[in-house]
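**Q** Sharing a sequence plus its predicted fold:
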Amino acid sequence: VNPLSAAICNGNNVTLTASGGTTYSWAPSSGLSSSTISNPVASPTVTTTYVVYVSNAQGCSDTASVTVTINPPVNANISPSVASICTGGNVTLTASGGTVYSWAPGTGLSSTSISNPVATPASTTTYTVYVTNASGCSDSASVTVTVGSSLVVSAGADPSICNGNNTQLNANSSGTTYSWSPGTGLSSSTISNPVASPTTTTTYTIYATDPNGCSGTDTITVNVNPLPNANAGSNVTICNGDSTVLNASGGTIYSWSPTTGLSSNSGSAVTATPAVTTTYTVFVTDANGCSSSSSVTVTVNNCAAPNPVISSSSTSVCDGNCINFSDASTGSPTAWSWTFQGGTPPSSTQQNPGTVCFSGAGTDTVTLVVSNSNGSNTTTTVITVNPSPAGTAGTSATITIGSNVTLSAGGGGTYSWAPAAGLSCTTCANPVATPTVTTTYTVFVSQGGCTDTATVQIDVIDQHDVFVPEAFSPNGDGQNDVFMIRGAGIKNIHLYVYDRIGEKVFESTDINLGWDGTYKGQPMNTAVFVYHADIFFTDGTTTFLKGDVSLVR
């Protein structure tokens with residue numbers, strides 16, 4: 001057999017050649033192109049010993065063997081498996097799996113025969129490495145190095161702002177991440193369009209990076225202009241109706257507010273003729289478009305004697321009552337002199353003297369003199385003092401519970417009683433009082449808008465007196481015609497009357513309704529009847545009475 005032994009890489013083959021006979025048979029047949037020829041091709045996947053049986057024409061035979069050894073395979077690998085660089089950048093490619101390495105193409109590689117060349121391609125390139133091990137087995141692997149162009153970044157033109165204002169920066173690029181430096185005065189340093197509010201002129205640098213790691217940079221300077229020094233001038237005082245010129249400085253454009261009383265709302269010099277004290281503000285703008293403001297107050301004095309005006313809580317009062325006085329004068333008075341005829345206190349030098357009390361019915365004059373450096377003026381008002389009524393409520397009384405008494409008020413035109421409990425009316429002069437407990441009644445007596453009060457006490461004696469007549473004669477003579485239960489302290493009754501055989505001939509739940517001696521509309525004959533009575537007293541107690549009553553005709 002030739003060769004006597006063979007070593008191949010997995011996936012390769014070797015031709016085995018036998019000689020010496022006319023027929024051949026190989027075993028095992030696995031991995032052979034044919035097992036009955038002298039020179040089969042062997043492609044085993046594992047190390048295998050093949051035996052060939054050789055026979056000649058005379059029928060003689062012999063055997064021979066050969067071992068085909070499978071060398072370990074090569075697993076070529078490149079790290080990184082994917083690579084991206086920017087123009088001018090590089091990446092180290094590291095191959096593994098063997099002992100001998102060969103790279104193709106060699107363009108942009110630091111070496112084509114080492115395991116870890118540095119790749120610096122000018123454009124995107126796919127590199128293949130061929131790896132061979134000590135047994136001569138080989139494999140290959142490929143990696144594509146993508147070359148991205150450098151990132152172009154534009155921060156735009158340099159803006160100018162006024163101190164205290166802001167501007168938005170906009171980085172124009174295809175980047176996905178951003179970093180601004182310095183971060184001072186920026187709303188964010190990691191977005192493409194931050195708002196910049198520097199207090200001094202500042203140059204910002206923007207760093208942008210795209211998904212391939214390519215980056216670019218640009219700068220922008222934010223110029224900060226100072227605010228103008230606005231000056232509206234000094235405060236001024238004028239008389240009502242006069243004018244003054246206001247002079248502003250600090251800029252090139254001027255705008256005034258409010259415009260009331262001004263000759264113009266623009267210009268550095270304007271004439272002011274306000275009717276009242278007014279504070280004017282001027283907005284000053286300089287050549288850079290920056291603005292600031294300043295204010296001036298024009299105080300308007302009334303250069304005449306003040307105009308006196310009396311303010312009072314009322315112009316009429318009841319005898320002994322009080323009125324509140326205050327000053328409502330115009331024209332800037334500085335001194336006040338009050339005189340209160342019939343009042344207490346009789347005078348005051350306070351601007352607002354407050355409460356003044358008046359006694360004695362009639363009319364009183366209040367005088368106010370107001371003054372300032374330009375003179376004084378006087379005004380008066382008349383206060384009407386109405387007489388107070390002398391209310392009376394009558395004489396106190398004592399009654400038994402359930403009875404009443406008439407109250408008597410006097411001294412006024414209208415009356416109002418309190419409390420209302422037990423009274424027949426609360427606005428009449430003489431209500432009937434039927435209290436169930438001792439009560440003090442107060443009457444409010446009014447006359448001419450003035451009021452007085454008086455009180456009267458009604459003492460209530462709580463006693464229970466019950467009177468039941470033994471006979472009655474319903475003959476129409478007006479004397480003892482009705483059988484009724486009477487007494488003191490009774491609130492109500494429930495009265496039943498029965499004849500001698502027990503038939504009910506009368507029933508009443510009204511204390512004021514008695515039996516007139518009839519039954520079903522017909523007069524009853526002379527006889528003795530039985531009564532039952534439930535008595536309910538005003539203090540909440542009850543009693544039951546039973547007895548006879550004679551009807552006499």
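**A** Cool, got the structure.
**Q** number of nearby residues for residue 484?
**A** Residues near residue 484, counting by other C-beta atoms under 10 Å, number 19. No exception for glycine: its C-beta is placed from N, CA and C like everyone else's.
**Q** For residue 511, see how far away it is.
**A** Separation of residue 484 from residue 511 (C-beta to C-beta, to the nearest Å): 8 Å.
**Q** Check residue 399 too.
**A** Residue 399 is 17 Å from residue 511, by C-beta to C-beta.
**Q** do residue 190 as well
**A** In terms of C-beta to C-beta, residue 190 sits 99 Å off from residue 511.
**Q** quick one: contacts for the residue of the chain most remote from its centre?
**A** Most distant from the centre of the chain: residue 58, at 116.5 Å, with distances by C-alpha atoms, centre = their mean. Residue 58 makes no contacts at all, as judged by C-beta atoms under 8 Å, 6 or more residues apart in numbering.
**Q** and if you look at residue 62?
**A** Counting by C-beta under 8 Å, 6+ apart, residue 62 touches 20-21, 53-54.
**Q** same question, residue 125
**A** By C-beta under 8 Å, 6+ apart, the neighbours of residue 125 are 105, 107-108, 119, 144-145, 147.
**Q** Give me the nearest residue to residue 545, chain neighbours excluded.
**A** Of all residues not flanking residue 545 in the chain, residue 533 sits nearest, at 4.4 Å (C-beta to C-beta, 6 or more residues apart in numbering).
**Q** Specify the beta-bridge partners of the one you found.
**A** Beta-bridge partners for residue 533, by DSSP bridges, are residue 495, residue 545.
**Q** do the same with residue 382
**A** residue 365.
**Q** Please work out how many residues are found near it.
**A** 11.
**Q** Residue 47 too?
**A** 12.
**Q** now do residue 399
**A** So residue 399, with other C-beta under 10 Å, has 17 neighbours.
**Q** With residue 74 instead?
**A** 21.
**Q** again, but for residue 542
**A** Neighbours of residue 542 (other C-beta under 10 Å): 12.
**Q** Give the buried residues for stretch 226-245.
**A** Across stretch 226-245, burial judged by 16 or more other C-beta atoms under 10 Å covers 227-228, 230-233, 238, 244.
**Q** looking at this protein, which helix or strand is least sure?
**A** When the helices and strands of the chain are scored by mean pLDDT, DSSP states H and E, strand 486-488 comes last with a mean of 82.
**Q** Restricting to C-alpha, output the helix or strand hosting residue 458 in PDB.
**A** Residue 458 belongs to strand 450-461 when elements are defined using DSSP states H and E. Only the C-alpha atoms of strand 450-461 are listed here, as PDB (Å, rounded to 0.1, in the frame of the first residue of the first chain):
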ATOM      1  CA  CYS A 450     -85.000 107.200  69.200                       C
ATOM      2  CA  THR A 451     -85.500 104.300  71.600                       C
ATOM      3  CA  ASP A 452     -85.900 103.700  75.300                       C
ATOM      4  CA  THR A 453     -86.700 100.500  77.200                       C
ATOM      5  CA  ALA A 454     -88.700  99.600  80.300                       C
ATOM      6  CA  THR A 455     -89.400  96.300  82.000                       C
ATOM      7  CA  VAL A 456     -92.200  94.800  84.100                       C
ATOM      8  CA  GLN A 457     -92.200  91.500  86.000                       C
ATOM      9  CA  ILE A 458     -95.100  89.100  86.100                       C
ATOM     10  CA  ASP A 459     -94.800  86.600  89.000                       C
ATOM     11  CA  VAL A 460     -96.600  83.400  88.300                       C
ATOM     12  CA  ILE A 461     -97.900  81.300  91.300                       C
END
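**Q** what about the residue nearest to residue 195 when sequence neighbours are not counted, neighbour count?
**A** Using C-beta to C-beta, 6+ apart and skipping the chain neighbours, the partner closest in space to residue 195 is residue 187 (4.1 Å). Neighbour count for residue 187, taken as other C-beta under 10 Å: 14.
**Q** And residue 257, by the same measure?
**A** 14.
**Q** repeat for residue 274
**A** When neighbours are counted by other C-beta under 10 Å, residue 274 comes out with 21.
**Q** Then residue 460?
**A** 23.
**Q** on that earlier part again, give the contact list for the residue nearest to residue 195.
**A** Contacts of residue 187 by C-beta under 8 Å, 6+ apart are 194-197.
**Q** Among those, name the ones in helices.
**A** Among the contacts of residue 187, no member is found in helices (DSSP state H).
**Q** coming back round to it: hmm, which two among the buried residues of stretch 226-245 are most spread apart?
**A** Taking C-beta to C-beta as the measure, the buried residues of stretch 226-245 span a maximum distance of 30.7 Å, between 227 and 238.
**Q** And the buried ones among the contacts of residue 187, selectable in PyMOL?
**A** To isolate the buried ones among the contacts of residue 187 in PyMOL, judged by 16+ other C-beta under 10 Å, type:
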select buried, resi 194+196+197
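**Q** Tell me which of the contacts of residue 187 fall in strands.
**A** Counted as lying in strands by DSSP state E, out of the contacts of residue 187, are 195-196.
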